[in-house]
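A.B. asks: Dropping the sequence and predicted coords here.
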Amino acid sequence: MQDFQLYQQILGLVEPWTVKNVTLKPAEREVEVEVACTETLWGCPQCARRMHVHEWERRRWRHLDSCQFKTVIVADVPRVQCEEHGSQFVAVPWAEKYGRFTRLFERLAIDVLSVCSTAAACDLLRVSWDEADGIKQRAVARGLERKPVRLNKDLCVDEKSAARGQEYVTVVARVDEDGTTVDYVGPGRKQESLDAYWKQLTPEQLAGIEAVAMDMWEPFVLSTTAHVPQGAEKIVHDPFHMMQHMNQAVNEVRKAEHRALRDQGDDTLEGTRWLWLYGLENLPEAQRPAFDRLKSAHLLTARAWALKETLRNLWLYKSEAWATKHFQRWYSWAVRSRLEPVKKVARMLKSRLANILTYCKSRLTNGPLEGLNNKIQGLVKKAYGYRNKQRFINDIYFHCGGLDLYPTQ
């Protein structure tokens, strides 16, 4: 009788639910706890209208282990026949509707899945991969349903690859005093991928957006301009992506010049690729003497590097007027440099200048989202890539969405 009382307390059961039987199965390393219901009148879960039990159905739920034995709850669950809502199962106090695990087990599983790969969690929890994935999917659906409506002033938009190839998802993150959190994930990286996010926001939320950081991907620009009030003035092109284009231009100049010098038997630029891509302050101390000699060697690559370093100063200005003057001087130098890769980047930046200068006011970059991207990339590595894009989206929400994932007590 003591084991009945023990599990009655462990499960927190009160009338009309009582522990009827406890069976130990050593061969299966399992404890089966049979729970009985003594009530024959129940209310409809939808309208609470009370009625007699229509029928009973036997169901099983996995619970937290007892002394390293699997614990399974077994009960005949009442079903009522409501004239308005049809056949309905009565809610049991230890599990959510349609669940096959108790609330306490799901809480443990969510904690384990948040720090382990799904395969490792399956080994620890002794569940199948499909069962673990089902817990994760229900947790995400629960969290999205509970997600509060909030005003997000600063947003970051970027795409992320689910695997090799062109399988992308669009990620929107909010940046506030609590940190950076994924607010939305949508399939693809087309304009409609981001449209779906804007459409789910209220007019007040859209009006409350002050800045949206993104790269120069045109579908994202068009979507933001179409849906966010004064969106064209709120887009902030991320400095990292601007400098990425400039670094590529420097490298193209280096490769072309290296080929030309090598044809003349000159290996001056041999093995110097990474030196030109460092920011001046990040150049390794051991490499400074050699790099100083390269800079003074009247190389085209040295001129391209100087243009790159001068461009970086653009994002130090807090005044849009002074930043504009700096860019105009830099642009004049760049287009007269006779370096085609640099001239190409200069023209591209000039065409996007309005949304580059918005940084002076907002000081918003995609840097916070890049931190989340590293975490997302870790998910991709643990999963060895995602063939199912929706599962990738769910995992991002699960690990980076800041959602309330736990079942209700």
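C.D. replies: Yes, it's here. Note that this is a predicted model, so its numbers are computed, not measured. Residues are numbered from 1 along each chain as shown.

A.B. asks: List the contacts of stretch 321-337.
C.D. replies: With contact meaning Cβ atoms under 8 Å, 6 or more residues apart in numbering, stretch 321-337 is reached by 303-304, 307, 310-311, 313-314, 317, 342-343, 345-347, 349-350, 353, 356-357, 360. Bear in mind the C-beta positions are built from the backbone N, C-alpha and C, glycine included.

A.B. asks: Where does the prediction get shaky in the protein?
C.D. replies: Regions of the chain meeting the criterion pLDDT under 70 cover residues 1-2, 163-166, 409.

A.B. asks: Next, the buried residues of the strand or helix carrying N247.
C.D. replies: Assigned by DSSP states H and E, N247 falls within helix 239-263. Neighbour-count burial for helix 239-263, counted by 16 or more other Cβ atoms under 10 Å, picks out 239, 241-243, 245-247, 249-254, 257-258, 261.

A.B. asks: Looks to me like L403 is in a helix.
C.D. replies: No - going by DSSP: H, G, I helix; E, B strand; the rest coil, the assignment for L403 is coil, not a helix.

A.B. asks: let's have the chain start at 22 instead
C.D. replies: Will do, 22 is the new start, and the previous item becomes L424.

A.B. asks: State whether it and V161 are indeed in contact, as I suppose.
C.D. replies: Yes - using Cβ atoms under 8 Å, L424 is in contact with V161, at 6.8 Å.

A.B. asks: what bridges to G64?
C.D. replies: Taking DSSP bridges as the rule, G64 bridges to R71.

A.B. asks: Could you pull up the contacting residues of it?
C.D. replies: Contacts for G64 (Cβ under 8 Å, 6+ apart) come out as 70-72, 101.

A.B. asks: And for L370?
C.D. replies: Neighbour list for L370: 263, 266, 332, 348, 352, 377 [criterion: Cβ under 8 Å, 6+ apart].

A.B. asks: buried subset of the contacts of stretch 342-358?
C.D. replies: Burial by neighbour count, 16+ other Cβ under 10 Å: within these this picks out 324-325, 328, 332, 335, 338, 363-364, 366-367, 370, 374, 377-378, 381.

A.B. asks: now, which of the residues you listed sits nearest V136?
C.D. replies: I377 (39.8 Å; Cβ to Cβ).

A.B. asks: In this protein, where's the longest strand?
C.D. replies: Longest strand of the chain, by residue count under DSSP state E: strand 90-103.

A.B. asks: Which strand residues bridge the closest residue to K91 other than its chain neighbours?
C.D. replies: Spatially, and ignoring its direct neighbours in sequence, K91 is nearest to E51 (4.5 Å; Cβ to Cβ, 6 or more residues apart in numbering). On the basis of DSSP bridges, E51 is bridged to K46, K91.

A.B. asks: Show me the strands in the stretch 172-321 of the chain, by range?
C.D. replies: Ranges of strands within the stretch 172-321 of the chain are 175-182, 189-197, 200-208, 232-235, 256-258, based on DSSP state E, counting those that start in this stretch.

A.B. asks: so which of these gets nearest R314?
C.D. replies: Closest to R314 of these is strand 256-258 (Cβ to Cβ; 35.5 Å).

A.B. asks: buried residues in that closest one?
C.D. replies: Within strand 256-258, the residues scored as buried using 16+ other Cβ under 10 Å are 256-258.

A.B. asks: TSV for those residues, including distance to C88?
C.D. replies: As requested, these are exported to TSV (distance: Cβ to Cβ, whole Å):
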residue	distance to C88
I256	59
V257	57
H258	60
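
A.B. asks: which one of those residues is nearest Y28?
C.D. replies: V257 (58.2 Å).

A.B. asks: wait, the closest one sits on D236?
C.D. replies: No - with contact defined as Cβ under 8 Å, V257 does not count as touching D236 (10.4 Å).

A.B. asks: still on that earlier bit, take the buried ones among the contacts of stretch 342-358 and keep only those in helices.
C.D. replies: 324-325, 328, 332, 363-364, 366-367, 370, 374, 377-378, 381 (DSSP state H).

A.B. asks: Would you format those as a markdown table with distance to K41 included?
C.D. replies: As requested, these are exported to a markdown table (distance: Cβ to Cβ, whole Å):
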| residue | distance to K41 |
| --- | --- |
| R324 | 86 |
| A325 | 81 |
| L328 | 81 |
| L332 | 76 |
| V363 | 81 |
| K364 | 83 |
| V366 | 76 |
| A367 | 80 |
| L370 | 75 |
| L374 | 76 |
| I377 | 71 |
| L378 | 73 |
| C381 | 72 |
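
A.B. asks: Residues in a beta bridge with E78, which ones?
C.D. replies: V98.

A.B. asks: since we're on it, how many residues are nearby?
C.D. replies: By other Cβ atoms under 10 Å, 10 other residues sit near E78.
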